[in-house]
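*Asks:* 3D model of this:
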Amino acid sequence: MSPTLDQVFAHASAVVMWGPPTEDHQVAFVTKNVSALGVSADDLTGGSLPYYSIVNGKDAGRFRRAFSGAMRGREREIVMEYRLVSSDGAERWVEDRTVFHRDAEGRPFAYQASLVDISERKAAQDRLRVSEERLARVLRESRITTWDYLPDDADSADVEQPTSERPEDRLNRLAPRSLPGPMERDLGRLLSGEVESLECDVETSRGGSRSWLVSRAYPVRDDSGRVTRVLGVDVDVTELKRRELAAERQNDRLGLLHSMFLSLVEETDTGRLLGRILDGAMKLGGTEHGRIALLSSDGEHYNVVIGRGMMKALEGEARPAGIGLGGEVLRTRERVIVTDYKKYVKRISDSRLDGCGTVIGLPLFRGEDFFGLLSIVYRDVFPEIGDDLLSDLDQFAGAASIALANARLYETAVHTIVERERAVDLLALKSRLVDAAALASGVLLSGDRGEEALRRALSLLASAVGACRAALFRVLRREDGLVEAGVIGCHVAEGGERRLRGIAVRLAERGPVMSALDGGKEFRGQLADAVELDLLLSGCGCPECHEAPPAVMAFPVRMRGGLWGFMTMCLPERMFSLADSEVAVLRGAAYSMAASASRWESEGEARAGYRNLRKVFFDVVRTMGKIVGKKDPFTIEHQERVAALAVAMGERMGLDEARREGLRVAGLVHDVGKIEVAGEILNKPGKLSRIEFELVKEHPRSGYEILLGVDFPWPVAEVTYQHHERLDGSGYPRGLKGDAILLESRIIAVADVVEAISAHRPYRPALGLDAAIEEITSKAPLFGHDVVDACLSLLRENPNILL
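*Replies:* Prediction:
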């Protein structure tokens, strides 16, 4: 199947269009491949996009004049080059070959244009033009020598601006006859016409100065093609070559600087960074000798931290900062060059520096912070050092200063983080210690006592510091000169043996632990003394503690001006460096445990003494009652039963133990005043006369006077004085009323009435419990309902309470 015309145009490189020859350049038809120029065919033929509108504004006038002129003239075709602007703003150069179709009279009736995209050709032409301009400029600025070589007559060579070389030398240089191979073949190719020119670079040394030429040779032939002479051109490219070599060196240095900068930025360890800085500076400067000296914190000295080559011997030394080359750099903060160190007026006298020729000192500083001095040293006196190298060294020193500042900042940050973490750890340790000490104090104040309480308290403290064992020792000094240390409380890690034992240690033979403790100081360290090990590790189950000298902490406990004892902790894995505040917490905890142990010991002794004293006290009280019983035998049992009932009533009414004890004592002696009443009256079987009864009514006062001189912890004398008083004032001996009467007095009064009515008396038989209940119930307002109700509830529950 044959392709259509549109298909042919679409694959063609040229764009074809035609239309009527009008001033506005109408387009009647255009091939579809016009889209390759960034223009739509429909827009051009539809009239919405005039052709002139897509021509670049700078070319539009020229294009319009050329098209209109050709249309009005007699030209059959014209060729134009101009730029088209696409819808996206891109420009393309086109070659427009327009053919005009004319009638018999020469008037155009149509045009046909072929557009070819020549953008690449134009770009190449522009590049060529730029290259030619550059070449022309180079030729203008360069020294150029031309020469002729006549093969048949070397002496007739015509040389313009002659050089030191003879023409035949140049030809021989191009292809030395003494050398076989490519050079001779190249000459043969030139003479034979295979190549049109030869070219080579020439380097010469004249007067110690190097120079470079580019030499080109061209053959000149006669009509028969024989080479009649060789035309030569020498271009002096010395300056360009020098610049090229300098640029290469600069590029090498810049590359070196770049790699060094990356290396410096990556390094955060100051020690390694200083080594890299010195090595980089020496490599950049082309020497093997150098040193870095850092300024001391007080600004008075340089400390040589690193040296290379002949400067290696200076490592670790300190020199005054204000003298020599270092002093100049410190004052000016600028590069200082000493071209001949042997003649340097500020030279430091040191035989190790005799090999120094040229010295370059570079400051290392950042802002106001001066870090130190970077020196590179040459054995030669001022070697070939250009401004570019010095500039590079300054840049390198600046970059090294930044890297050093960053490394110090990083180390400071790391140190801050480490210190913060350490502070957090210490704070956590302190918190654990304080919490453990608080909990241990709670344990010591709880119901637990003795060995178990101490074990729990020691366990809390040991866990807080990671100790495998903690123990509390009690020190006793014996009359025979021995100091006996006994374990009274112990915590051991799992697997250890919990046992309490003591070891007698003679003061003269004691080790460092006992010496420190006896002086009131804590001990922290490795322990190797066999006697003290046996003492302090008693019962420890950690194999590490017995395989190697363990780390031990021991804290003295001093009481009443002497060594009471000490607390020990065993740390098999590592030694704690405790701050004074942590030591104070542990010493406080040890003292608390010792104080608790002493308190328990004292309390035990006090309780035993109190029991003995209480027994003696009640024996005395009962003895007082028995004295009354010598006159009235009924009084002894009466007071015992009243005391028992009063205590029970006090308990029923919610009185505490101390007040109930007071009721017991008051009950046992409430009738002690009857000792002053005649026995005949007390034991009279019949009814008492008025006078006799008045004498009996004085016994509360007598009892009060007797008991008033005894320092009871309770108001026993006052209760005895009031036990016959009544709330309405009808009682005796003072006729007290209401709140003036103590609760204990009212309790004794009810118990006294109940016991007296229900028991046998000389003047009457026992009336019984019911009569007693009826009596206190009917007279409850006189005693107080609270007291009566308490007594009644007891009697109902236990009618035999008085038996």
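
*Asks:* any idea which helix or strand comes after the longest helix seen in the chain?
*Replies:* Ordering each helix of the chain by length in residues (DSSP state H) puts helix 387-445 first. Where DSSP states H and E defines the elements, the next helix or strand beyond helix 387-445 is helix 450-465.

*Asks:* pull out the buried residues from that next one.
*Replies:* Neighbour counts over helix 450-465 (16 or more other C-beta atoms under 10 Å) mark 451, 453-462, 464-465 as buried. C-beta coordinates here come from the backbone N, C-alpha and C atoms, glycine included.

*Asks:* what's the closest of the residues you listed to Ile773?
*Replies:* Ile773 has its nearest neighbour among those in Ala453, at 51.1 Å by C-beta to C-beta.

*Asks:* tell me the contacts of the closest one?
*Replies:* Val443, Leu444, Ser446, Gly489, Ser596 (C-beta atoms under 8 Å, 6 or more residues apart in numbering).

*Asks:* which one (most neighbours) among the residues you listed?
*Replies:* Highest neighbour count within these, by other C-beta atoms under 10 Å: Gly489, with 26 neighbours.

*Asks:* what sits closest to that one if chain neighbours are left out?
*Replies:* Computed as C-beta to C-beta, 6 or more residues apart in numbering, the closest residue to Gly489 that is not its neighbour in sequence is Leu454, at 2.6 Å.

*Asks:* that older thread, and the two most separated of the contacts of Ala453?
*Replies:* Spanning the widest gap among these are Ser446 and Gly489, at 14.8 Å by C-beta to C-beta.

*Asks:* about what we covered before: just send the contacts of Ala453 back as CSV, with pLDDT and distance to Tyr302 too.
*Replies:* Formatted as CSV, the contacts of Ala453 follow (pLDDT from 0 to 100; distance: C-beta to C-beta, whole Å):
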residue, pLDDT, distance to Tyr302
Val443, 73, 61
Leu444, 73, 61
Ser446, 70, 66
Gly489, 80, 60
Ser596, 81, 62
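
*Asks:* which among these gets closest to Leu727?
*Replies:* Ser446 (45.7 Å).

*Asks:* so what's that closest one up against?
*Replies:* Per C-beta under 8 Å, 6+ apart, neighbours of Ser446: Ala453.

*Asks:* before we move on, what about Ala646?
*Replies:* So Ala646 contacts Leu663, Arg664, Ala666, Gly667, Glu744, Ile747, Ile748, Ala751 (C-beta under 8 Å, 6+ apart).

*Asks:* Ile78 now?
*Replies:* Ala66, Phe67, Ala70, Arg97, Thr98.

*Asks:* that one in helix, strand or coil?
*Replies:* Secondary structure, DSSP: H, G, I helix; E, B strand; the rest coil: Ile78 is strand.

*Asks:* what about the closest residue in space to Leu294 that isn't next to it in sequence, neighbour count?
*Replies:* Nearest residue to Leu294, sequence neighbours excluded (C-beta to C-beta, 6+ apart): Gly372, at 3.8 Å. A count of neighbours around Gly372, defined by other C-beta under 10 Å, yields 25.

*Asks:* did I read that right, Gly372 in a strand?
*Replies:* Yes. The assignment for Gly372 by three-state DSSP puts it in a strand.

*Asks:* for beta bridges, what are the partners of it?
*Replies:* Beta-bridge partners recorded for Gly372 (DSSP bridges): Leu294, Leu364.

*Asks:* is it in contact with Leu364, as I believe?
*Replies:* Yes. Between Gly372 and Leu364 there is a contact under C-beta atoms under 8 Å: 5.0 Å.

*Asks:* identify the contacts common to the two.
*Replies:* Common neighbours of Gly372 and Leu364 (C-beta under 8 Å, 6+ apart) are Ile292.

*Asks:* so the residue nearest to Gly489 makes contact with Val487?
*Replies:* No. At 9.7 Å, Leu454 and Val487 do not qualify as touching, with contact defined as C-beta under 8 Å.

*Asks:* which neighbours do the two have in common?
*Replies:* With C-beta under 8 Å, 6+ apart, Leu454 and Val487 have common neighbours Leu472.

*Asks:* now the angle from the strand or helix carrying Leu563 to helix 450-465?
*Replies:* Assigned by DSSP H and E, Leu563 falls within strand 562-571. Angle, strand 562-571 to helix 450-465, by axes from the mean of the first three to the mean of the last three C-alpha atoms, to 10 degrees: 50 degrees.

*Asks:* remind me which residues of the stretch 151-300 of the chain are low pLDDT?
*Replies:* 151-188, 202, 206-208, 249-250, 252-254, 256-265 (pLDDT under 70).

*Asks:* helices of that one, start to end?
*Replies:* Per DSSP state H, counting those that start in this stretch, the stretch 151-300 of the chain carries helices over the ranges 167-174, 182-192, 238-266, 270-285.

*Asks:* do a quick rundown of the strands in the stretch 451-600 of the chain.
*Replies:* Per DSSP state E, counting those that start in this stretch, the stretch 451-600 of the chain has strands spanning 469-477, 482-492, 502-506, 523-526, 551-559, 562-571. These are given in chain order.
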